[in-house]
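Chemist: Dropping the sequence and predicted coords here.
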Amino acid sequence: MRLVLLGAPGAGKGTQAALLKEREACVHVSTGDILRKNLGERTPLGLEAKKFMDQGVLVPDDLVLKMVSSRLLEPDAAEGFLLDGFPRTVPQAEFLESFLTEHHAKLDAVLLFSIADEALVRRLSNRRTCRSCGGIFNLLTMGGAAGAKCPSCGGELHQRDDDQEAVIRNRLKVFHEQTEPLIAWYRDRGLLSEIDAASAPETIYAGVKAALNRHAAP
């Protein structure tokens with residue numbers, strides 16, 4: 001199974017990717033995770049990418065394409081993968097299509113997670129990351145407590161630079177301008193299924209499964 005998860009920042013792609021990885025044994029390929037790993041290790045790629053991520057703009061294609069193509073050539077992705085955060089532009093989608101064709105493969109489905117912008121701003125601006133264990137939590141589900149500690153390890157929770165409201169709104173602007181054209185691009189290829197991302201994770205996952213069953217039908 002080869003899937004692309006498409007949606008604005010904070011639409012829940014990561015949560016659904018984790019469920020698919022656990023329940024369907026999918027190989028989860030997240031450009032965000034790879035970039036953050038490079039940031040943590042202060043690699044040249046990570047330092048270059050940080051300039052763009054801190055501004056809430058897309059990392060340039062040349063950096064992203066090198067990273068993704070290298071990851072998809074690893075043995076664990078040979079039989080399938082779940083792409084989260086890529087492609088984000090039509091040129092990236094064209095690259096992916098050519099890459100898969102070259103390796104005698106193709107996408108099975110593209111899942112679009114839809115949710116209103118203001119709901120995303122509220123969701124993301126309340127997101128916090130634990131400095132100790134790296135866990136990600138949301139103040140909305142923790143009672144909005146100021147000075148809340150990590151419920152897993154008791155560590156300090158902090159707000160990432162890209163979860164500041166001004167950066168979030170810019171990220172959404174970039175999504176609408178540069179990523180939304182992918183919706184029509186994949187719809188024209190018969191690969192797109194739209195899922196309401198404003199519901200609870202398990203309800204969203206039921207929509208994901210229904211969409212996958214539709215695409216798997218002969």
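Modeler: Ah, there it is.
Chemist: Okay, now the unreliable bits of this protein?
Modeler: Within the chain, the stretches with pLDDT under 70 are 144-147, 218.
Chemist: which residues in it form strands?
Modeler: All strands of the chain, identified by DSSP state E, fall at 2-7, 28-30, 81-84, 109-114, 127-130, 136-138, 157-158, 192-196.
Chemist: So what touches the fifth one?
Modeler: With Cβ atoms under 8 Å, 6 or more residues apart in numbering as the test, strand 127-130 has contacts from 10, 135-139, 148, 150, 152-153, 155-160, 163. The way it works is simple: take the backbone N, C-alpha and C, and place the C-beta from them, glycine included.
Chemist: Try it again at 6 Å.
Modeler: The contact list for strand 127-130 (Cβ atoms under 6 Å, 6 or more residues apart in numbering) reads I136, F137, N138, C150, G155, L157, Q159, R160, D163.
Chemist: Just the buried residues out of the residues you listed, in PyMOL syntax.
Modeler: Filtering the contacts of strand 127-130 down to the buried ones (16 or more other Cβ atoms under 10 Å) takes a single PyMOL command:
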select buried, resi 137+150+155+157+163
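Chemist: And the furthest pair within the contacts of strand 127-130?
Modeler: G155 and D163 (17.0 Å; Cβ to Cβ).
Chemist: coming back round to it: turn the contacts of strand 127-130 into TSV, including distance to L47.
Modeler: As requested, those are arranged in TSV below (distance: Cβ to Cβ, whole Å):
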residue	distance to L47
I136	23
F137	27
N138	29
C150	27
G155	25
L157	25
Q159	21
R160	17
D163	20
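Chemist: Can you tell me which of the contacts of strand 127-130 is nearest L124?
Modeler: Using Cβ to Cβ, D163 comes nearest to L124 of those, at 5.4 Å.
Chemist: Check the gap between the closest residue to K37 other than its chain neighbours and G40 for me.
Modeler: Nearest residue to K37 in three dimensions, chain neighbours excluded: G46, at 7.6 Å (Cβ to Cβ, 6 or more residues apart in numbering). Separation of G46 from G40 (Cβ to Cβ, to the nearest Å): 7 Å.
Chemist: ok, now R128?
Modeler: To G40, R128 is 18 Å away according to Cβ to Cβ.
Chemist: Compare neighbour counts for these two and give me the winner.
Modeler: More crowded of R128 and G40, by other Cβ atoms under 10 Å: R128, with 19 against 10.
Chemist: show me what contacts the residue lying closest to the more buried one once chain neighbours are set aside?
Modeler: Once flanking residues are discounted, R128 sits nearest to L157: 3.9 Å by Cβ to Cβ, 6+ apart. Counting by Cβ under 6 Å, 6+ apart, L157 touches R128, C130, A148, C150.
Chemist: L172 now?
Modeler: A8, D117.
Chemist: Which residue ranges of the chain form helices?
Modeler: 13-24, 31-41, 44-53, 61-72, 90-102, 117-125, 165-174, 181-187, 201-216 (DSSP state H).
Chemist: Number of residues surrounding E118?
Modeler: 9.
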